[in-house]
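S.K.: My questions concern the predicted model and sequence given below.
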Amino acid sequence: MSQYIKKAVVICGGEGTRLRPLTYDTPKPLVKVNGVPVIDNVVRELRRNGIERITMAVGYKKEMFVEHFGDGSGSGLHIDYSIEDKLLGTGGAIKKALEEKALPEKDEDVLVVNGDNIFEIDLKGMHELHSSKGAIATLAVKAVDDITGYGVISVDDGIIRKFVEKPDPKDAESNLINLGIYIFNSGAVHMLPEKESFSMERDFFAKIPDTGRLCAYVSDKIWYPIDTIERYRKASEEWRPSE
């Protein structure tokens, strides 16, 4: 388990329009796959990796998350909430949650994950790479056969040389995709755009590779995005909840 990262931000605020009709009455992270809400697996995996405190960045049907988790005591960790009263984009939601609830102190790192993915991660290994490279931010990535609809990463010796958000597959320079799992240090937080609403992928990650301090950790563990009906069905067919 990581002995260095204790805090995490989980992004849960989107309306999940591509997952309708499942999300008409339920926010995307609370949609069940084989009987288990996606967010339950996220919380379980974070706890397994040593996370002690989670801030959930919530917006759409935010009260359902509070009702489901409360203060997190039933899940074995502390959970609080950053409320997104209007759509802020992935970057704006993350920035708000970090500044309000989970701002890393000097020499401290914080984990940020999407709340609508089923995944496993070796946070210790990811953090070791992050530390050894002196990274301001490290992204978990994975090689896939079809990069359609994903942010694509070009990597050299662990350093991200190029980040392109959702390129045309025929123009993609790599088959490594962004998994929506990030480590930030305190310096990265201060480099975020000053505007309130922005895309973390387009307005931050795509603009800082030339610093040489944006890194990629290649994961070979399970990862199922639950953001479209097709991907929901794939996860339902292949993934089974752990006991």
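M.R.: Nice, thanks for sending it over.
S.K.: Sketch out the strands for this structure, chain order is fine.
M.R.: 7-11, 32-33, 36-37, 53-58, 78-83, 109-114, 117-119, 137-143, 151-156, 159-165, 176-185, 214-218, 223-225 (DSSP state E).
S.K.: neighbours around the nearest residue to V218 once chain neighbours are set aside, how many?
M.R.: In this structure, V218 finds its nearest non-sequential neighbour in V141, 5.7 Å apart by CB to CB, 6 or more residues apart in numbering. C-beta coordinates here come from the backbone N, C-alpha and C atoms, glycine included. Look at V141: counted by other CB atoms under 10 Å, it has 25 neighbours.
S.K.: picking that back up, can I get the strands of the chain in JSON lines including distance to A97?
M.R.: Formatted as JSON lines, those follow (distance: least, CB to CB, whole Å):
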{"stretch": "strand 7-11", "distance to A97": "5"}
{"stretch": "strand 32-33", "distance to A97": "25"}
{"stretch": "strand 36-37", "distance to A97": "20"}
{"stretch": "strand 53-58", "distance to A97": "4"}
{"stretch": "strand 78-83", "distance to A97": "4"}
{"stretch": "strand 109-114", "distance to A97": "8"}
{"stretch": "strand 117-119", "distance to A97": "17"}
{"stretch": "strand 137-143", "distance to A97": "15"}
{"stretch": "strand 151-156", "distance to A97": "20"}
{"stretch": "strand 159-165", "distance to A97": "21"}
{"stretch": "strand 176-185", "distance to A97": "11"}
{"stretch": "strand 214-218", "distance to A97": "20"}
{"stretch": "strand 223-225", "distance to A97": "21"}
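S.K.: Return the residues in contact with the residue nearest to V218.
M.R.: Neighbouring residues of V141 by CB atoms under 8 Å, 6 or more residues apart in numbering: 153, 155, 176-179, 216-219.
S.K.: Ok, E100 next?
M.R.: Neighbours of E100 in contact, by CB under 8 Å, 6+ apart: 55, 82.
S.K.: Also V10?
M.R.: 29, 39, 42-43, 46, 54-57, 112-115.
S.K.: among the strands of the chain, which is nearest T90?
M.R.: strand 7-11 (6.5 Å; CB to CB).
S.K.: Can you tell me which residue is spatially central in this protein?
M.R.: Nearest to the mean C-alpha position of the chain, by CA atoms, centre = their mean, lies V113 at 2.2 Å.
S.K.: Let me know the pLDDT of it.
M.R.: Listed pLDDT for V113 reads 95.
S.K.: In space, what's closest to it - neighbours in sequence excluded?
M.R.: Using CB to CB, 6+ apart, the closest residue to V113 is I181 (5.0 Å).
S.K.: What's the local residue count around the residue nearest to K162 when sequence neighbours are not counted?
M.R.: Setting aside the residues directly before and after it, K162 is nearest to S154 in space (CB to CB, 6+ apart), at 4.0 Å. For S154, the count of nearby residues is 16 (other CB under 10 Å).
S.K.: Then the one 5 residues further on?
M.R.: Burial measure for I159: 16 neighbouring residues, criterion other CB under 10 Å.
S.K.: In this protein, what residue spans correspond to helices?
M.R.: Secondary structure of the chain (DSSP state H): helices at 38-48, 62-69, 89-97, 123-132, 186-191, 200-203, 229-238.
S.K.: Need the pLDDT of the residue of the chain positioned farthest from its centre.
M.R.: Within the chain, the residue lying farthest from the chain centre (CA atoms, centre = their mean) is K170, at 26.1 Å. You'll see K170 listed with a pLDDT of 78.
S.K.: ok, now P104?
M.R.: 69.
S.K.: just E120 next, same as before
M.R.: 93.
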